[in-house]
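Enquirer: what follows is a predicted protein model with its sequence.
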Amino acid sequence: MATLIEQLVEDAKQAPKRVALPECEAENTLRAARRILDEGIGFPVLVSPREIIEKTAEESGVSLEGMEIVDNTDESAAENLAARYMASGEARLLSAKGARRKIKNPMYFAMMMEEQGDVDVTFCGHTNTTGDVLLAASTIIGLAEGVDCPSILALVDTPGFEGPEGSVIAFTDCGLNPEPGAEELASIAIAAADGVSSLMGWEPRVAFLSYSTTGSGAGASVDRVDEAVSIARSRRPDLKIDGEFQLDAAIDPKVAAKKVKRESCVAGTANVLVFPDLNAANIAVKLIQRFAKGKAFGHNLSGFKLIAWGNSRRDGWRYCDAGALGTIAHPVSRLRV
C-alpha cells in the first residue's frame with residue numbers, strides 16, 4: 001500500500017503546478033526544486049537574485065537546467081508585478097511605494113506572484129522564521145473570509161488507525177495560538193476545513209475536541225468550545241462541524257454511537273480535529289510520534305486566501321513533505337474568499 005507521500009507524489013504528477021521557491025541562498029531549496037522538476041511533481045520557479053541562485057547552485061552541485069528563474073532585483077519585472085498587484089482592485093495594506101519596497105525581499109515577491117496567479121503556491125520557511133512567513137502572507141495575501149487568525153494545520157499518519165481517510169487525519173492548531181478564544185477556535189476550524197479540502201481533496205468533517213462529549217462534562221473550557229462550534233456553524237453553514245466531543249467519540253463510530261445521543265454527521269467519522277488549545281495539540285502530536293511511531297507532516301499556514309506553505313527549518317528541504325506535496329497535488333489554491 002502506498003504511503004501518504006507516495007500517493008501525493010503520484011497525485012501531483014497528474015497535473016503539475018508552478019511552485020515558487022524563494023530562499024535560494026539555501027542549498028536544500030535548490031535540491032527540492034531539482035526533485036520537483038526531475039520527478040515531474042511540478043514546475044519550480046526560483047525567486048531570488050540571479051547571482052545568488054547561480055552561486056548556490058555552483059556550491060551545491062545542483063543543475064539549474066530546465067528551471068525558471070525570476071530575479072526579484074530586476075527593476076522592470078519588479079515594477080510590473082507591483083503595478084499589477086496595486087491595480088487589481090483588491091483592498092491593499094500597502095501603498096504602491098510600499099509594495100515596490102517589499103518585493104525587494106524574494107519571499108514577498110513570490111507571494112505577490114502567487115496572489116496575481118503567476119504561480120500556484122509558494123514554499124518558504126527554510127531560512128525565514130514562521131513569523132516572517134506569517135507577516136508576508138498576512139500583508140500580501142490576507143486572511144480568508146470568516147477567518148480572524150492564521151493557524152497551523154498538520155497531517156498526522158498513525159500506524160494502525162483506520163479512519164475515513166485511512167491512517168491520516170488532520171490536527172489543528174498545532175503551532176500558533178496558545179489559548180484561543182471561541183472566535184479564534186471557530187476561525188481555526190474553518191481554516192482547517194478549507195485546508196484539507198484544498199490540500200487533500202477531502203470532504204471535511206470537523207470535530208471540536210474537549211474532555212466532554214455533548215455536555216457530559218462542565219466547565220469554562222467546555223463552554224468556550226461549545227461557543228466556538230456555534231460561531232463556526234453560523235459563519236460557514238456549508239461545512240460539517242460538530243462538538244464538543246471527546247477524542248474517541250470523534251473518531252470511533254462505535255464509541256460515538258454510545259456517547260453521542262443525537263444526530264451527527266461528524267461524530268465517529270471526523271477527519272479534522274480541532275484541539276481546545278496548543279497544549280493539547282502539541283501533546284497529542286508528540287504522543288502519536290513517540291508511542292504509536294506515527295508521523296506528523298506540516299506545517300501548512302492555514303486561514304489565508306491562498307496557500308502559503310511554511311516549511312520547518314529543522315526538517316529542511318531535503319524532500320518536500322506530505323503537506324507540501326498535497327499542495328501541489330491538489331492545487332485549489334484559491335480558498336474561499
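Expert: That came through fine. This is a predicted model, so every value here is computed, not measured. Numbering: from 1, shown residues only.

Enquirer: rest of the way, CA atoms for contacts and neighbours
Expert: Fine.

Enquirer: so what's residue 62 up against?
Expert: 30, 31, 34 (C-alpha atoms under 8 Å, 6 or more residues apart in numbering).

Enquirer: and what of residue 289?
Expert: Listed by C-alpha under 8 Å, 6+ apart, the contact partners of residue 289 are 295, 296.

Enquirer: look at it and give its secondary structure.
Expert: Under DSSP: H, G, I helix; E, B strand; the rest coil, residue 289 falls in the helix class.

Enquirer: residue 37 too?
Expert: Following three-state DSSP, we place residue 37 in the helix state.

Enquirer: which of the contacts of residue 62 fall in helices?
Expert: Those of the contacts of residue 62 mapping onto helices are 30, 31, 34, per DSSP state H.

Enquirer: highest neighbour count among these?
Expert: The residue in the ones in helices among the contacts of residue 62 with the most neighbours, by other C-alpha atoms under 10 Å, is residue 30 (28 neighbours).

Enquirer: and it, how far is that from residue 62?
Expert: From residue 30 across to residue 62, the span is 7 Å (C-alpha to C-alpha, to the nearest Å).

Enquirer: pretty sure residue 110 contacts residue 47?
Expert: Yes: applying C-alpha atoms under 8 Å as the test, residue 110 and residue 47 come out as touching, 6.3 Å apart.

Enquirer: what about the strands in the stretch 151-300 of the chain?
Expert: Taking DSSP state E, counting those that start in this stretch, the strands of the stretch 151-300 of the chain run over residues 151-157, 168-172, 205-209, 240-245, 272-274, 295-302.

Enquirer: would you turn those into CSV with mean neighbour count and distance to residue 77?
Expert: Formatted as CSV, those follow (neighbours: other C-alpha atoms under 10 Å; distance: least, C-alpha to C-alpha, whole Å):
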stretch, mean neighbour count, distance to residue 77
strand 151-157, 25, 32
strand 168-172, 24, 38
strand 205-209, 26, 43
strand 240-245, 26, 44
strand 272-274, 28, 41
strand 295-302, 24, 28
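
Enquirer: let's have the ones you listed in JSON lines, adding distance to residue 70.
Expert: Formatted as JSON lines, the strands of the stretch 151-300 of the chain follow (distance: least, C-alpha to C-alpha, whole Å):
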{"stretch": "strand 151-157", "distance to residue 70": "29"}
{"stretch": "strand 168-172", "distance to residue 70": "34"}
{"stretch": "strand 205-209", "distance to residue 70": "39"}
{"stretch": "strand 240-245", "distance to residue 70": "41"}
{"stretch": "strand 272-274", "distance to residue 70": "37"}
{"stretch": "strand 295-302", "distance to residue 70": "24"}
